[in-house]
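**Student:** Curious how this folds, go ahead:
(chains A, B and C)
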Amino acid sequence: MRGGASREAAFDSPSATRPRLSGAMAPPLPSPSMAPPGLIHSAPGLLDTCALPQPPAAATMSGPAAETPSAIQICRIMRPDDANVAGNVHGGTVLKMIEEAGAIISTRHCNSQNGERCVAALARVERTDFLSPMCIGEVAHVSAEITYTSKHSVEVQVHVMSENILTGTKKLTNKATLWYVPLSLKNVDKVLEVPPVVYSRQEQEEEGRKRYEAQKLERMETKWRNGDIIQPVLNPEPNTVSYSQSSLIHLVGPSDCTLHGFVHGGVTMKLMDEVAGIVAARHCKTNIVTASVDAINFHDKIRKGCVITISGRMTFTSNKSMEIEVLVDADPVVNNFVKRYRAASAFFTYVSLSPEGKSLPVPQLVPETEDEKKRFEEGKGRYLQMKAKRQGQAETQA
Amino acid sequence: MRGGASREAAFDSPSATRPRLSGAMAPPLPSPSMAPPGLIHSAPGLLDTCALPQPPAAATMSGPAAETPSAIQICRIMRPDDANVAGNVHGGTVLKMIEEAGAIISTRHCNSQNGERCVAALARVERTDFLSPMCIGEVAHVSAEITYTSKHSVEVQVHVMSENILTGTKKLTNKATLWYVPLSLKNVDKVLEVPPVVYSRQEQEEEGRKRYEAQKLERMETKWRNGDIIQPVLNPEPNTVSYSQSSLIHLVGPSDCTLHGFVHGGVTMKLMDEVAGIVAARHCKTNIVTASVDAINFHDKIRKGCVITISGRMTFTSNKSMEIEVLVDADPVVNNFVKRYRAASAFFTYVSLSPEGKSLPVPQLVPETEDEKKRFEEGKGRYLQMKAKRQGQAETQA
Amino acid sequence: MRGGASREAAFDSPSATRPRLSGAMAPPLPSPSMAPPGLIHSAPGLLDTCALPQPPAAATMSGPAAETPSAIQICRIMRPDDANVAGNVHGGTVLKMIEEAGAIISTRHCNSQNGERCVAALARVERTDFLSPMCIGEVAHVSAEITYTSKHSVEVQVHVMSENILTGTKKLTNKATLWYVPLSLKNVDKVLEVPPVVYSRQEQEEEGRKRYEAQKLERMETKWRNGDIIQPVLNPEPNTVSYSQSSLIHLVGPSDCTLHGFVHGGVTMKLMDEVAGIVAARHCKTNIVTASVDAINFHDKIRKGCVITISGRMTFTSNKSMEIEVLVDADPVVNNFVKRYRAASAFFTYVSLSPEGKSLPVPQLVPETEDEKKRFEEGKGRYLQMKAKRQGQAETQA
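**Tutor:** Numbers count the residues shown, from 1 in each chain, chains lettered A, B, ... in the order given. Have a look, this model is predicted:
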């Protein structure tokens, strides 16, 4: 029963301005305000002033200076609709939960000073690997923590665990890093300043700055492929790019959006995963699951009422994996003055699973056009680079 | 990096059997397994063995003996579909979240020993008051904790807070107490034994036992009103019972159900609140919100594929509140051998709000038949009893 | 209040086998506004004044012999996600509710004798007109009644009313007629026999048989257009067919399906309306609403796990309306032995509304290819035929 105390202090202190990241040295502060529900129950007069339900990772926050919660946890039972026919939860469901946690924590943080009100918009998600599949009936636990702030952006690191509540087994599903930018509610084209976090160790800030610079560089390098459109082909041969390419349109509704009428990044990622999954299933005609998602840059906001087109095409296959490129275009149908624009793009990697859950060989992709061959080689490059990186990591750990 | 320690110990220890309820003074246990995400991030090789995302209220667990988390926290942004036209979140949305938290924690607890696998089914929800309305865009925090176990049942206490992430304001929305019963997965008609919780204070067990006995008595007293059916009436006069009575049917689909094909209690409660809300709105033609829900007993399970009929009728009005009785009947359409049966019933209290959120006077209900007059008097009795109880509480606190 | 009584009697009597339809022997109807659907149907001029969402079975069922409920009512508040940005409920939402009511009532009826268990699958929906738009916050009342049975099919007639529960205003939204076929749960390729309904008036059976024969003839005449595929075009000109044509893919999930793994007809219709709406919005860039849906034939079942492609293209424009053809193709992705097949097709008519809800002129469609010109002429034929029919009705009523 410690840790909770500083947490409560944080919530109760309206003048709180600088959340503090975890550190080793906060003292244990037993506090009557952290009484279990049973106690609270017997003191109904205190209710209105009583405890906030504990932001979990707040346990990692510390010290008397710790004031705004810089962590949050979301959990939810996985339902049939969250999964494919074989019972494996869609990667897109996980991405959507991750983004919801990130949006809550970064919007909360960016409004923690008495400045202009804002909403945190997703700007980028770093590459993430899905380490083990999640199943219907399991509980997904998503913990998010603010790990770095630059002048105009917030870095959120997220862990997802799956818990089988019948057996008690827990597994790490994936980790993700998201970048948010605070947009003014008065003028959504204006980016506000982010209140700084307090780092408990000096190195944390330096490491964060390195990650910030690295992603900034990478974002600038992103090819804008704006003119690149996925064209259907009549009667394509199996195993060609045209054979499995797919696209869907979605009319953006209220539940897809923040209060201020912009599509949640998580909604977009879920649709991207859906299209990528259909491309993969069409290609190999087996049960497929998301293995990883490349860094995703969100080039531009998508407003309520837009029609978004999400298109996917296979770019590369290794022996046991498939890379699918997904493009998101937004079309403000009822607004003649804004043209259709590229809102996001990413590469998803899928693997094929046998009914027993073993990974299966994948039919080799047959690139036909010059462009397809070029994209295949680029995909091979990404694949080999990632493989080398993983081997390097394995060696340094051995 | 404290607080997490005991929690992690709990998760990492597979032999854990007796969760421990909170106590004030557990010592800080710094542990390398609780490195903040930033650290974990830099040591990916360790991931598979690393931390479970912290079950929040685990902060209330204590000591090395504390092993299974007996607490959980769910949070979610409230979306347009969670609310009425005026932007107030439906009581039913809150009840559904509460029940999801309760189902996770009690199913987890009942499977914490190496016995027969089971699923925790909702048997009863104690009366709950909605203290302050929640709005679209706010984050609902639901914290649930196991507070008592009898041989065959689990008591879960839940707190719901609403957080405005733009202003930082937090309010207690309501508290609830739920009772679950573990049903064997092999034979869902068999009730299993519940592993006992460890109480940190002797009084906790005694207080829990009193609540257990009280609810048991009350459940037995519940009139089964099975033959009582809500009859439509042609051309009813305004302000009569017939004028506002309503009913809806719902075909139970996969996402309404647990893995084992039974409707989640929370799904049923959400539909009950929906019907009650329609009855209330028809009666007073204003913006209405749920003020409280009487204890709900779940008489019998509802299976996937059933058609459920939920009917509501107004029973009583005070100056500023309306009481609506809601009946739930289940009909296993494709099974001729099981007759339609009463699955649950409850009383909901609604208030009428002005556009500014002030409570408005309510048109008086005009009971016509003898039965309606009898139900009106019974409702008046419940109303006066509750009023007296609240005054008593206020006085003891003064 | 008669009628209701017999309905309840019906519910309480488990030995019921032959539901009885309304009619002649029913006691005098106290109010012309409560005419049974059959009557209303023959007097469309009265529709707008016809008040009350029918306590469905009530008015139509009669006498002591009435035993199994042959009627049902669903009601639900319309939520933000049910509507477009302007607040008008999607025609697809209404179609989905209609089909849910029809599926429940016909599945219940087909299982009312002690024979083989079955599920009723949607085979056809007759043309329906949307008479008045519904808005968020209104309550949709869907009343369905079995009006005819052939040896292997069930006809269900449905009325949808919208009720503004704040003002008490009720409006007829639309009426629909659906045909269901009972498929054995043991072998879904086997069509079972339908228990006959009892007609209270001889004419009811005869009229039903005429409708049955007419739809049978029309179904056989439906062109199979299986090879007809909607091809995208690069850089199309505004107002051409290519400019607005759209298609979406959807991976069939558990909530889209009946208990037995087939897509609910209502789910398909909702997606069809979504695509048609996007085509219409792209063409005229204004707020658009569904005005009517042509008869839809469901050629074949769609199984869980299929990917369905729904494509729409504009075929015809009159001064104030647009006709859009929608094609549904199912692709059992992970099953190499079943090829992609045409599962359904239909014509939707949309109108464009000003912000005040007045119908606006529509930009004229510019057909380019020979096929497009042919389809335009066919659409014009359908439009003129329907116009003539409506004028005929108006005159006979005058």
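
**Student:** In contact with residue A:349: list those residues for me.
**Tutor:** Shown in contact with residue A:349 (CB atoms under 8 Å, 6 or more residues apart in numbering or on different chains): A:290, A:291, A:292, A:293, A:294, A:321, A:322, A:323, A:324. C-beta coordinates here come from the backbone N, C-alpha and C atoms, glycine included.

**Student:** Make JSON lines out of the residues you listed and add distance to residue B:197, pLDDT and secondary structure.
**Tutor:** Shown next, in JSON lines, are the contacts of residue A:349 (distance: CB to CB, whole Å; pLDDT from 0 to 100; DSSP: H, G, I helix; E, B strand; the rest coil):
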{"residue": "A:290", "distance to residue B:197": "38", "pLDDT": "95", "secondary structure": "strand"}
{"residue": "A:291", "distance to residue B:197": "40", "pLDDT": "95", "secondary structure": "strand"}
{"residue": "A:292", "distance to residue B:197": "41", "pLDDT": "96", "secondary structure": "strand"}
{"residue": "A:293", "distance to residue B:197": "41", "pLDDT": "96", "secondary structure": "strand"}
{"residue": "A:294", "distance to residue B:197": "46", "pLDDT": "92", "secondary structure": "coil"}
{"residue": "A:321", "distance to residue B:197": "46", "pLDDT": "97", "secondary structure": "coil"}
{"residue": "A:322", "distance to residue B:197": "48", "pLDDT": "97", "secondary structure": "strand"}
{"residue": "A:323", "distance to residue B:197": "50", "pLDDT": "98", "secondary structure": "strand"}
{"residue": "A:324", "distance to residue B:197": "48", "pLDDT": "97", "secondary structure": "strand"}
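
**Student:** Now neighbour count too, for the residues you listed, in CSV please.
**Tutor:** As requested, these are arranged in CSV below (neighbours: other CB atoms under 10 Å in any protein chain shown):
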residue, neighbour count
A:290, 27
A:291, 20
A:292, 19
A:293, 27
A:294, 19
A:321, 18
A:322, 26
A:323, 26
A:324, 29
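
**Student:** What distance do you get for the nearest residue to residue A:144 once chain neighbours are set aside to residue A:239?
**Tutor:** Leaving aside its sequence neighbours, residue A:144 sits nearest to residue A:101 (CB to CB, 6 or more residues apart in numbering or on different chains; 3.9 Å). Counting by CB to CB, to the nearest Å, the gap from residue A:101 to residue A:239 is 39 Å.

**Student:** quick one, which of those two is more surrounded?
**Tutor:** Between residue A:101 and residue A:239, counted using other CB atoms under 10 Å in any protein chain shown, the more crowded position is residue A:101 (27 against 16).

**Student:** Touching, that one and residue A:74? I think so.
**Tutor:** Yes. Contact criterion CB atoms under 8 Å: residue A:101 and residue A:74 qualify, at 4.9 Å.

**Student:** Common neighbours of the two, please.
**Tutor:** Between them, residue A:101 and residue A:74 share the contacting residues A:142, A:144, judged by CB under 8 Å, 6+ apart.

**Student:** After the host helix or strand of the residue nearest to residue A:144, heading C-terminal, what element do we hit next?
**Tutor:** Per DSSP states H and E: residue A:101 is located in helix A:91-110. Next helix or strand after helix A:91-110 toward the C-terminus (DSSP H and E): strand A:118-125.

**Student:** so that following strand versus helix A:91-110, what angle?
**Tutor:** 140 degrees (axes from the mean of the first three to the mean of the last three CA atoms, to 10 degrees).

**Student:** Direction included, what does strand A:118-125 pair against?
**Tutor:** Strands that pair with strand A:118-125, judged by DSSP bridges, come out as strand A:170-184 (antiparallel), strand A:296-298 (antiparallel).

**Student:** Now the weakest link among the ones you listed, please, by mean pLDDT.
**Tutor:** Within these, confidence is poorest for strand A:296-298, with a mean of 91 (mean pLDDT).
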